[in-house]
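J.: Pasted the sequence and its predicted model underneath.
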Amino acid sequence: MALKHYYDLMSQPCRAVYIFLKLNKIPFEHRPVALRKGEHMGEEFKKINPISRVPVIDDDGFVLTESVAILKYLAAKYNVPDHWYPQTDFKAQARVDEFINYQHLNTRINMAMLFQNLAILPRLRNKPIDWKKVEGFRKGVGITVSQIDQYFLKDNRPFLAGDDISIADLLGICEIMQLYACGEERFIESNPNVNAWAERVKPKLAPYFEESNVVVYKVREHFMKTAPAQPKL
């Protein structure tokens, strides 16, 4: 029975799992879940994941949630190239784990919440942008980018966990694309080290990086046309 992948490419963790599956030629059934329509809150999906979140995989009855756990499982089961998540070099594995544990409360929360507070929540709630919250998350993004530069990419390290791409880079670049979706990519472009890392990662994920980010580009196009000017705080 083929692996089933429940996802919405609007979600950055879903994009990470999607790209990983495609790049490593792991066959799977597409099971799209439209977050914008609230399908993740429906009773049918809750039978699969009562927590109502994507991504989810169903591997012949073995249901697994959370993108980090999914990526580790896929790397081990499908014997993908070792650089993705080292299985025998424990120090190399620990370096990957270091970033993917760090990212939850740093890269992920700050970039996701900046995007949501600029592009999603005002529209859903039919309320103006809360610019004070936006500035708070902008500050968090700035700190995160600086930490990636000064720690994870220190000493000319080409990728977040070492000399080759790993699931750390995959998760990281998918989060960073949330900045692009809401016109906040200057945080990356103004940091030469982090920007160079991003430009190294993208071609490594071709052609599935562009394929998975089509929805991001559409969101950006709409946002840039409709976003209100920020008032002076």
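T.: Happy to help now that I have it.
J.: quick one: Asn110 and Gly140 touch, right?
T.: Yes - between Asn110 and Gly140 a contact is recorded at 3.6 Å, counting by C-beta atoms under 8 Å. Backbone N, C-alpha and C define where each C-beta goes, glycine included.
J.: Name the residue in the two with the higher neighbour count.
T.: The residue with more neighbours, out of Asn110 and Gly140, is Asn110; 25 against 18, by other C-beta atoms under 10 Å.
J.: Quick check: next helix or strand after the helix or strand harbouring the more buried one?
T.: Using DSSP states H and E, Asn110 falls within helix 107-115. Next along the chain after helix 107-115, taking DSSP H and E as the criterion, comes helix 121-125.
J.: after the lowest-mean-pLDDT helix or strand in the chain, next one along is what?
T.: Scoring the helices and strands of the chain by mean pLDDT, DSSP states H and E places helix 121-125 at the bottom, with a mean of 90. Beyond helix 121-125 on the C-terminal side, the first helix or strand identified by DSSP H and E is helix 131-147.
J.: any idea how far Glu135 is from the residue of the chain most remote from its centre?
T.: Distance from the centre of the chain peaks at Lys232, with 31.2 Å (C-alpha atoms, centre = their mean). Distance of Lys232 to Glu135, computed by C-beta to C-beta, to the nearest Å: 12 Å.
J.: cool, and Gly183?
T.: Applying C-beta to C-beta, the value for Gly183 to Glu135 is 15 Å.
J.: could you show me where the strands are in the chain, in order?
T.: Remark: strands assigned in the chain by DSSP state E are 3-7, 28-32, 56-59, 62-65.
J.: Tell me which of those sits nearest to Pro192.
T.: Nearest of these to Pro192, taken as C-beta to C-beta: strand 3-7 at 33.2 Å.
J.: Spit out the contact partners of the residue nearest to Ala92 when sequence neighbours are not counted.
T.: Counting by C-beta to C-beta, 6 or more residues apart in numbering, Ala92 lies nearest to Pro86, which is 4.0 Å off, once chain neighbours are set aside. For Pro86, the contacting residues are 92-93, 96, 166, by C-beta atoms under 8 Å, 6 or more residues apart in numbering.
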